[in-house]
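In: attaching a predicted model along with its sequence, questions to come.
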Amino acid sequence: DGKKDAQGLWACMTDAVQQLWVGGEQMTPARWPDALWNDRSVFNASRWADFWKNKPWGPFPDGTPDPIRFYDREQLVESKLDATGAIFVGVIAHMDTFAGTVVNHTAGTETFDVQLHVDRIGNSKAANSIYYLENLPAFANQKTEWAYSATEGQLWLNADEAPKDARRKVQTYALEITEAQYVTVANLTFFGTTINAHQEIDYMTWDTVGLNYPSFGRRMLGA
């Protein structure tokens, strides 16, 4: 159950949401710049934002104990969005992907501070570095986008109508298989979950097993 808020999003209180489906279709975590799962634009590098290369950059000390300041290259300024509290996902030097939280930003400005939780960043040059932000209700300006506040337990969804068949991820593994022999998993379809099989399993057989949406991340919970 839910109702529309002032932004026109369906809103309700619920337990932790890591992945969300409506009618079997995966919804997209609210994202800026705009990109969606259903048209696969989330895989298009042109849907990421980038940084000024001639502005201060880093440093990136081991453990990243303090927030790091970044300088957006115009797009965030033009959006007039306040990104404070958003999840930051950055590809640094076209090599490694890191996530953190925007802890300070003012709408209409190019600078924003991100608290990362990274043991060590290797190549940290500004060249070829891009990023996007997610999980603020203000980013949910397209149908199928959603956001979730882990502290408030509130879910927001951009949809024409109140969802009738909404499902959220409730487990990581449906089966845990360890220290076994001659195991056959057959004629099963798993939705939003997967199988963890490890530790000395001999003669294991997989036969007609479907895995729908087995992979996920915990970013929406702040993890």
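Out: Cool, got the structure.

In: my read is that Phe70 contacts Phe51, right?
Out: Yes. With contacts counted by Cβ atoms under 8 Å, Phe70 reaches Phe51, the gap being 5.9 Å. All C-beta spots, glycine's among them, are computed from the backbone N, C-alpha and C.

In: who's more crowded, those two?
Out: The residue with more neighbours, out of Phe70 and Phe51, is Phe70; 25 against 19, by other Cβ atoms under 10 Å.

In: buried residues in stretch 17-32?
Out: Neighbour-count burial for stretch 17-32 flags 17-22, 26-32 (criterion: 16 or more other Cβ atoms under 10 Å).

In: taking those residues one by one, which sit in strands?
Out: Among the buried residues of stretch 17-32, the ones falling in strands (DSSP state E) are Leu20, Trp21, Val22, Gln26, Thr28, Pro29, Arg31, Trp32.

In: any chance of those in TSV, plus distance to Leu221 and pLDDT?
Out: TSV is the format used below for those (distance: Cβ to Cβ, whole Å; pLDDT from 0 to 100):
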residue	distance to Leu221	pLDDT
Leu20	12	96
Trp21	17	96
Val22	20	95
Gln26	17	95
Thr28	17	96
Pro29	11	96
Arg31	16	97
Trp32	19	97
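
In: got a markdown table for those residues, with distance to Pro163 too?
Out: Output for those, formatted as a markdown table (distance: Cβ to Cβ, whole Å):
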| residue | distance to Pro163 |
| --- | --- |
| Leu20 | 9 |
| Trp21 | 9 |
| Val22 | 5 |
| Gln26 | 13 |
| Thr28 | 14 |
| Pro29 | 16 |
| Arg31 | 19 |
| Trp32 | 23 |
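
In: beta partners of Met204?
Out: Val183 (DSSP bridges).

In: that one and Thr193, how far apart?
Out: 18 Å (Cβ to Cβ, to the nearest Å).

In: could you do Glu78 as well?
Out: 40 Å.

In: biggest separation within the buried residues of stretch 17-32, which pair?
Out: Farthest-apart pair in the buried residues of stretch 17-32 is Trp21 and Trp32; separation 22.1 Å (Cβ to Cβ).

In: low pLDDT regions in the protein?
Out: Across the chain, the ranges flagged by pLDDT under 70 are 1, 223.
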